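> coordinates for the following, if possible.
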Amino acid sequence: MQILIIEDEPRAASQLQRMLNTCNFDFQFLDIIDTVEDAVIWFEEHSHPDLVFMDIQLADGLSFEIFQKTTIEIPIIFTTAFDQYAIQAFKVNSIDYLLKPIQKDDLRLALDKFMKSNNSNVVEPSVLKELLGSLKVIQKREGLLVKEGKGFIQIRISALLYCYSEDSITFGVTAHKRFIIDESIDDLFNSLDQSKFYRINRGQIVAKTAILKIDPYFNHRVKLSITEPRDQEFIVSRPKTSDFKSWMNQ
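Below you'll find the model as predicted:
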């Protein structure tokens, strides 16, 4: 079984490779492609693999554009950071997808579905054209609307040191000030540049620039020293520790 990964985030591609290696799935890894342009060239110059994992948003556009420029008649499993509402179109059209961050159980189910499908889940070009028109590219935001008194003000995303959820309220902290953010921490994290922000546990998001020191913590976790901690402890959850260290090393 030959697999190609089309993904523009090195950390996400590496994580997917590691997860595939633990799924008892017999495959040969071919390559990682990170742009629409390079993917088109790759498909035109190589024999097509048996399965492709394809991120929706690549460095130079939506991966759907690949299908407009070359013929691909192989099963695709899309990976996406689009929210649950936006990906309803995938369910309607029976297209396989994995929602980021990818969970191992979800990956296993997608692989099982692929193995049982007898390679019949090839994506129709007409369906992709419809999706291309209906889904918006996720733009990594530069500004964030936060509450100030009875109204709202906009702050720069680059000014955020960390965000956290407490009693179902999302807070954002900048130098010397804390704001209420009128979004869930899930929606907020999905809109951030994940090369600059990391969700260290279910309730905390930290900017790389705010991390001063990383110390060992019990149960194979790590504890962070953060700019402007405001009585918060920052403990990276155990399942995320290895990935967090890789993220910090980039």
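> run through who's touching stretch 8-19.
5, 7, 29, 32, 34-35, 53, 55, 57-59, 79, 100-102, 104, 107, 194-195, 243, 246-247, 250 (Cβ atoms under 8 Å, 6 or more residues apart in numbering). Using the backbone N, CA and C atoms, a C-beta is placed for each residue, glycine as well.
> mind doing that once more with 6 Å?
5, 7, 32, 34, 58-59, 104, 107, 247 (Cβ atoms under 6 Å, 6 or more residues apart in numbering).
> just the buried positions in that stretch, please.
8-9, 11-13, 15-16, 19 (16 or more other Cβ atoms under 10 Å).
> one step back: where's the dip in pLDDT among the contacts of stretch 8-19?
Lowest pLDDT within these is found at residue 59 (74).
> that residue against residue 36, yeah?
No: Residue 59 lies out of contact with residue 36 (Cβ atoms under 6 Å); the separation is 8.2 Å.
> of these two, which one has the most company?
Remark: of residue 59 and residue 36, residue 36 carries more neighbours, 22 against 13, as counted by other Cβ atoms under 10 Å.
> state the phi and psi torsions of the most centrally placed residue in the chain.
Residue closest to the average C-alpha location in the chain (Cα atoms, centre = their mean): residue 100, at 4.1 Å. Main-chain dihedrals, residue 100, degrees, to the nearest 10: phi -80, psi 150.
> nearest residue to it other than its sequence neighbours?
Closest residue in space to residue 100, ignoring its immediate chain neighbours: residue 81 at 4.5 Å, by Cβ to Cβ, 6 or more residues apart in numbering.
> what about the one you found, neighbour count?
Using other Cβ under 10 Å: residue 81 sits among 19 other residues.
> distance of it from residue 8?
Per Cβ to Cβ, to the nearest Å, residue 81 is found 12 Å from residue 8.
> now residue 205
For residue 205, the distance to residue 8 - Cβ to Cβ - is 21 Å.
> could you point out the helix or strand that follows the helix or strand of the chain with the lowest mean pLDDT?
Lowest by mean pLDDT, DSSP states H and E among the helices and strands of the chain is helix 88-92, with a mean of 54. Moving toward the C-terminus from helix 88-92, the next helix or strand (DSSP states H and E) is strand 97-99.
> what distance do you get for the nearest residue to residue 196 once chain neighbours are set aside to residue 77?
Leaving aside its sequence neighbours, residue 196 sits nearest to residue 208 (Cβ to Cβ, 6+ apart; 5.6 Å). As judged by Cβ to Cβ, residue 208 and residue 77 stand 29 Å apart.
> could you do residue 117 as well?
Relative to residue 77, and taking Cβ to Cβ, residue 117 is found at 11 Å.
> same check, this time on residue 41
With Cβ to Cβ as the criterion, residue 41 and residue 77 are 22 Å apart.
> please say which of the two ends up with more neighbours.
Neighbour count, other Cβ under 10 Å: between residue 41 and residue 77, residue 77 has more, with 19 against 14.
> would you say the more buried one is within a strand?
Yes: under DSSP: H, G, I helix; E, B strand; the rest coil, residue 77 sits within a strand.
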